[in-house]
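**Student:** Got a predicted model here, sequence first, then my questions.
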Amino acid sequence: MAQAAAVAKPPAPPRRRRRASATPRRLPYLLIAPAALLMLGFIAYPVISVFYYSLQNYNPTKPWRNGYAGFDNFVQIFTKDPQFWDTLTFSAKWVFVEVGLQLLFGLALALIVNQTFVGRAVGRALVFSPWAVSGVLTSAIWVLLYNSQTGVTRYLADMGIGSYGTSWLSDTSTVFSAAVVADLWRGVPFFAILILADLQSVSKDLYEAAEVDGASRIKQFWHITLPHLKDAIILSTLLRAVWEFNNVDLLYTLTGGGPAGETTTLPLYIANTSVDAHNFGYASALTTVAFVILLFCSMVYLRLSKFGGGSK
Amino acid sequence: MITEEATETAPAPVRDEPEPPRPAKRRRSWDEVPRRHIYLPLSIYLVFTLIPFYWILLFALRPAGSTSLVPWPITFDHFEKVWTERAFGTYFENSVYVGLATLVMTTLVALAGGYALARFDFKVKNAFMLALLCSQFVPGALLLVPLFEIFAELKMINSLGSVIIAETVFQLPLSMILISNFIKNVPYSLEEAAWVDGCNRMTAFRIVVLPLLRPGLIAVGSFAFVHSWNHFLFALMFLNNQDKQTIPVGLNTLMSADSVDLGALAAGGIIAAVPVVIVFAFIQKWLITGFSAGAVKG
């Protein structure tokens, strides 16, 4: 600081400039310290303690059984816990369907609102608006819509579509589609926003050149737009898949994992195991397994999709 | 001179508005998608987007028991009831407090860290970046139990501080990456020029860099606010007293009642949505450029 003040005198010799910009060696560490400490204390430490507890029997309501368990929890998960496999399968199905449909609709929507047309600003604001709505509020809205007495389904039944008296959320044959639609409503704008952001950087010259060569719009999409979007699509689908896997707000409040456990994802199962059953050791083991699966799938996905290949 | 360059190199220029209106004649042919290919799918999608919003308004504004499809006669009974009887007034206050505190903490901490990442090379930088990326895979929901134990140890259960810290921590990685990218877009030479003019690093940052970061900071800050406003699990787990709870928890309570009071639920939902909608309307134009400058291009 004192050096910088010394430079203040107007005819500063040019050499001084380098000294003023020289980095005090400790400054970067001081700057990242708050973030690093917060993350160490509230992310790294909890993660490590989850790994630790996964090797323990740990249940505050049954303290006499607490103690080192070795790999018992993991053995139980893989061999004696059908609920683990059920919820894992449902999670996979949920993530696959949600991310696939959100990408499809989000891409289409981004391409549409990227055009120039009258009312574009308003159109964009409206189609993006559900992005800001929380999972709980989404649930609240769709509970109103699916309500059997006064929901949209009742009016559809008036018109002869569906039947009276059952909510789509309490019928095992419809609950999956009902939940998927509710989550799509909120999820599609996320993809649309990210893809639209990336579309801003496609060079217009490319399209003009393609136009000169007589390429159809569909060909332009396949050969110019899509390759340009590739990295953005890979990254956003990955982030979204992780998010959809982990997020419990919507299903917890919309269906509570029901009816009859039909919509219980692995994280919901874990939450129930730890919060309701207080079986922290077993829940930690489940968390570890979920974490490893997630990491493994992400690596495989990035490898298979050749992320960043070619363009950088 | 600095200000001139400043406007040219703003990190997140507003590119959302249509390009300068070009005369209809000069419109390139690839731009000319038939109007019906735009308006038809867009309208269908808008119906899907807007019906749920209409539905919640309808339930909030029409008298209980009415089956009319128009909210007439309008009543505000549901709002009054939810605000006082169901304590949404208190929840609202708590949510505002959590949201603003998260916004301030996230922005300040991420700004410091982001500056270090953008401007310095230091030993643990790569390891730190890797940690930021990896933390994206760590599900907050799965860390509830250890987090609960930490906050119990710190005697912070039932204090809004626990939720504020937890929300901030999970917002930090992405915010820091975004902000460091915004800072990278501001040429270092601008800062160096300010040093030559006699500023120290802090003043140079405040006078030269900070004004250029405004759009980016607004995007990151609003993101943190909206996220913590909406998030539900931490508040559900760490806050037990009713007078400490936040709006999403209140909504969940309304929903999990044995017989759901739909009018109250709808009114509560609208109370939950209003601040977020205002923030969204405010940041919408920065959102797209903010993402294209920061996140995806990384």
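**Tutor:** That came through fine. Numbering: from 1, shown residues only, chains lettered A, B, ... in the order given.
**Student:** Alpha carbons of stretch B:114-132, as CSV, please.
**Tutor:** Taking Å, rounded to 0.1, in the frame of the first residue of the first chain, the C-alpha atoms of stretch B:114-132 are listed here in CSV:
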residue,chain,number,x,y,z
GLY,B,114,-13.3,-14.7,-7.7
TYR,B,115,-10.9,-11.8,-7.9
ALA,B,116,-8.1,-14.1,-6.6
LEU,B,117,-8.9,-16.7,-9.2
ALA,B,118,-9.1,-14.2,-12.0
ARG,B,119,-6.0,-12.2,-11.3
PHE,B,120,-3.4,-14.3,-9.5
ASP,B,121,-1.5,-17.5,-10.1
PHE,B,122,-1.0,-19.2,-6.8
LYS,B,123,0.0,-22.6,-5.6
VAL,B,124,-3.3,-24.2,-4.7
LYS,B,125,-5.3,-22.5,-7.4
ASN,B,126,-5.9,-25.6,-9.6
ALA,B,127,-6.7,-27.7,-6.6
PHE,B,128,-9.2,-25.0,-5.5
MET,B,129,-10.8,-24.8,-8.9
LEU,B,130,-11.2,-28.6,-8.9
ALA,B,131,-12.8,-28.5,-5.4
LEU,B,132,-15.3,-25.9,-6.7
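**Student:** Go through it and flag the buried ones.
**Tutor:** For stretch B:114-132, burial by neighbour count (16 or more other CB atoms under 10 Å in any protein chain shown) applies to B:114, B:115, B:116, B:117, B:118, B:119, B:120, B:122, B:128, B:131, B:132. Backbone N, C-alpha and C define where each C-beta goes, glycine included.
**Student:** Among the residues you listed, which one sits closest to residue A:152?
**Tutor:** residue B:132 (42.8 Å; CB to CB).
**Student:** Name the nearest residue to the closest one, sequence neighbours excluded.
**Tutor:** The shortest distance from residue B:132 to any residue other than its chain neighbours is 4.3 Å, reached at residue B:173 (CB to CB, 6 or more residues apart in numbering or on different chains).
**Student:** Please, which helix or strand holds the one you found?
**Tutor:** In the assignment (DSSP states H and E), residue B:173 maps to helix B:160-184.
**Student:** Next, the most centrally placed residue in chain A: phi, psi?
**Tutor:** Central residue of chain A (CA atoms, centre = their mean): residue A:243, 2.1 Å from the mean position. Backbone torsions for residue A:243, taken as degrees, to the nearest 10, come to phi -60, psi -40.
**Student:** Check the gap between it and residue B:219 for me.
**Tutor:** Noted for residue A:243: a distance of 19 Å to residue B:219, by CB to CB, to the nearest Å.
**Student:** now do residue A:205
**Tutor:** Distance from residue A:205 to residue B:219, counting by CB to CB: 29 Å.
**Student:** Tell me which of those two has more neighbours.
**Tutor:** More neighbours surround residue B:219 than the other of residue A:205 and residue B:219, with 26 against 8 (other CB atoms under 10 Å in any protein chain shown).
**Student:** Looks like that one contacts residue B:179 (just checking).
**Tutor:** No. Counting by CB atoms under 8 Å, residue B:219 sits too far from residue B:179 to count as a contact (9.6 Å).
**Student:** Now do the contacts for the closest residue to residue A:38 other than its chain neighbours.
**Tutor:** Sequence neighbours aside, residue B:169 is the residue nearest to residue A:38 in space, at 5.1 Å (criterion: CB to CB, 6+ apart). Applying CB atoms under 8 Å, 6 or more residues apart in numbering or on different chains to residue B:169 gives the contacts A:38, A:39, A:42, A:43.
**Student:** Please repeat the previous calculation with a cut-off of 10 Å.
**Tutor:** Each residue near residue B:169 by CB atoms under 10 Å, 6 or more residues apart in numbering or on different chains is listed here: A:35, A:38-43, A:46, B:102, B:105-106, B:109, B:135, B:140, B:143, B:147.
**Student:** Show me those residues that map onto helices.
**Tutor:** A:35, A:38, A:39, A:46, B:102, B:105, B:106, B:109, B:135, B:147 (DSSP state H).
**Student:** And residue A:70, its phi and psi?
**Tutor:** Torsion angles, degrees, to the nearest 10, at residue A:70: phi 60, psi -140.
**Student:** what separates it from residue A:56, distance-wise?
**Tutor:** Going from residue A:70 to residue A:56 by CB to CB gives 9 Å.
**Student:** and if you look at residue A:211?
**Tutor:** 66 Å.
**Student:** Looking at these two, which is more packed in?
**Tutor:** residue A:56 (19 against 15).
**Student:** that older thread, go through the helix holding residue B:173 and flag the buried ones.
**Tutor:** Buried, per 16+ other CB under 10 Å, within helix B:160-184: B:160, B:162-184.
**Student:** and if you look at stretch B:263-280?
**Tutor:** Neighbour counts over stretch B:263-280 (16+ other CB under 10 Å) mark B:263-273, B:275-276, B:279-280 as buried.
**Student:** What segments of the stretch 151-300 of chain A are helices?
**Tutor:** A:152-158, A:175-199, A:204-212, A:217-220, A:226-246, A:249-254, A:266-271, A:280-304 (DSSP state H, counting those that start in this stretch).
**Student:** does the last one come close to chain B?
**Tutor:** Yes. Looking at helix A:280-304 against chain B by CB under 10 Å from any CB of the partner chain, the contacts come from A:280, A:283, A:284, A:286, A:287, A:288, A:290, A:291, A:294, A:295, A:298.
**Student:** Domains in chain A, by residue range?
**Tutor:** Residue ranges for the domains of chain A, per automatic domain parsing: A:2-53, A:81-304.
**Student:** By mean pLDDT, show me the worst of those.
**Tutor:** Lowest mean pLDDT within the domains of chain A: domain A:2-53, a mean of 71.
**Student:** Run a quick neighbour tally on residue 192.
**Tutor:** Just going to use chain A. Neighbour tally, residue A:192, other CB under 10 Å: 28.
**Student:** sorry, should have said chain B
**Tutor:** By the criterion of other CB under 10 Å, residue B:192 has 16 neighbours.
**Student:** In which helix or strand does it reside?
**Tutor:** helix B:188-196.
**Student:** cool, residue B:145 as well?
**Tutor:** Using DSSP H and E, residue B:145 maps to helix B:144-153.
**Student:** buried sites along that helix?
**Tutor:** Buried residues in helix B:144-153, counted by 16+ other CB under 10 Å: B:144, B:145, B:146, B:147, B:148, B:150, B:151.
**Student:** Buried by neighbour count: which residues of stretch A:265-277 qualify?
**Tutor:** Applying 16+ other CB under 10 Å to stretch A:265-277 flags A:265, A:266, A:267, A:268, A:269, A:270, A:271, A:272, A:273, A:274, A:275 as buried.
**Student:** what does stretch B:63-75 give?
**Tutor:** B:66, B:71, B:75.
**Student:** try stretch A:297-304
**Tutor:** Buried residues in stretch A:297-304, counted by 16+ other CB under 10 Å: A:297, A:298.
**Student:** Kindly report the same for stretch A:213-229.
**Tutor:** Applying 16+ other CB under 10 Å to stretch A:213-229 flags A:215, A:220, A:224, A:225, A:228, A:229 as buried.
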